[in-house]
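*Asks:* Any chance you can model this:
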Amino acid sequence: MNIRVGTASWTDPTLIASKRFYPPGCTSAEARLRFYASQFPLVEVDSSYYAMPNGSNSVLWTQRTPDHFVFNIKAFRLFTGHQTDRAKLPKDIQAALPPSDKKNLYYKDTPGEILRELWRRYVEAIEPLRQAGKLGAVHFQFAPWLVNNEDGRAHVEHCADVMEGFTLAVEFRHRSWFSEKATASTLALERERGLVNVVVDEPNTSANSIPAVWEVTNPKLALIRLHGRNHETWNIKDASAASSRFNYDYNEEELAGLSSQIINISKAVESTHVVFNNNWEDQGQRNAKTLMGMLGRGALRP
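*Replies:* Model prediction:
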């Protein structure tokens, strides 16, 4: 088995402030990544969701991690249908946008030539990771309002077209994609386009959540993202930290149940990635270590 376990981000402010993961004196960006990579073989880059990634950072990341280390990188939020603050765009792109009194920009309202340039820069920025053999999946976490209709499916296919040649993982945030009637067609779309079905563990009590669907849609990779099971914080408003939403500490019984499912699904693919997104303080890192122990020899070590 080829199972990599890691966490979403290695620089969450609450993780650093907790002082329970990084050793004393481990305060620089380089030192933190090097230490993280000594503990886990995989990490998910979430900064690329909030702002366009930077190619020079990608080069540094390849230099600061072991040969076997893998990065999954999140797609920029504009591409996934989320509202995007114009100020988060490169300054020359901001200047090229049509004048507007609206702070936020959406994909459907962005001129085509600007979209093409943003996609080009995004691919260029992550290319050093691919060239180094350290790029796992490009993770598309689609907006909750991207629903399973003609427009929604067309946008998913559009992203697959633009990113052809990369391994794309798709995570939906609207239950219409995995309703009883729609599950088969959603999985069929993912299989047809070679998209990795993201298996989620998350609260499943609102329209912006989906059930865990333990199905493989790309024989090369299975991706499991563990968001925690905190129903009270899933839709929290005005949180002091983004990680507040995922404040959940998995117990050993829950992790044991997940480990058996992870082992089962790993038998159907070349590689399996498990990402803990319960990134409040050091919860994800502790849970990831426990799970690696449960997976035994199936889990790759740093």
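
*Asks:* In the strand or helix carrying Ala17, which residues are buried?
*Replies:* Per DSSP states H and E: Ala17 is located in helix 13-18. Neighbour-count burial for helix 13-18, with 16 or more other C-beta atoms under 10 Å as criterion, is recorded at Thr14, Leu15, Ile16. (C-beta placed from N, C-alpha, C; glycine too.)

*Asks:* Excluding covalently adjacent residues, which one is nearest to the first one?
*Replies:* What it means is Thr14. Counting by C-beta to C-beta, 6 or more residues apart in numbering, Glu281 is the residue found nearest to Thr14 once chain neighbours are left out, at 4.8 Å.

*Asks:* Can you give me the neighbour number for Pro99?
*Replies:* Neighbour count of Pro99, defined by other C-beta atoms under 10 Å: 4.

*Asks:* Equivalent analysis for Asp201, please.
*Replies:* Using other C-beta under 10 Å, Asp201 has 23 other residues around it.

*Asks:* can you give me phi and psi for it?
*Replies:* For Asp201, the backbone dihedrals are phi -120, psi 110 (criterion: degrees, to the nearest 10).

*Asks:* now swap in Leu255 and tell me
*Replies:* Main-chain dihedrals, Leu255, degrees, to the nearest 10: phi -70, psi -40.

*Asks:* ok, it touching Leu291?
*Replies:* Yes: counting by C-beta atoms under 8 Å, Leu255 touches Leu291, with 5.2 Å between them.

*Asks:* More neighbours: which of those two?
*Replies:* Using other C-beta under 10 Å as the criterion, Leu255 and Leu291 rank with Leu291 on top: 22 against 18.

*Asks:* Quote the end-to-end distance of stretch 45-54.
*Replies:* Start to finish, the residues bounding stretch 45-54 are 12 Å apart (C-alpha to C-alpha, to the nearest Å).

*Asks:* tell me the contacts of Ile93?
*Replies:* Ile114, Glu117, Leu118 (C-beta atoms under 8 Å, 6 or more residues apart in numbering).

*Asks:* so it sits in a strand?
*Replies:* No: counting by DSSP: H, G, I helix; E, B strand; the rest coil, one finds Ile93 to be helix, located in no strand.

*Asks:* What's the separation between it and Arg86?
*Replies:* Relative to Arg86, Ile93 is positioned 9 Å away (C-beta to C-beta, to the nearest Å).
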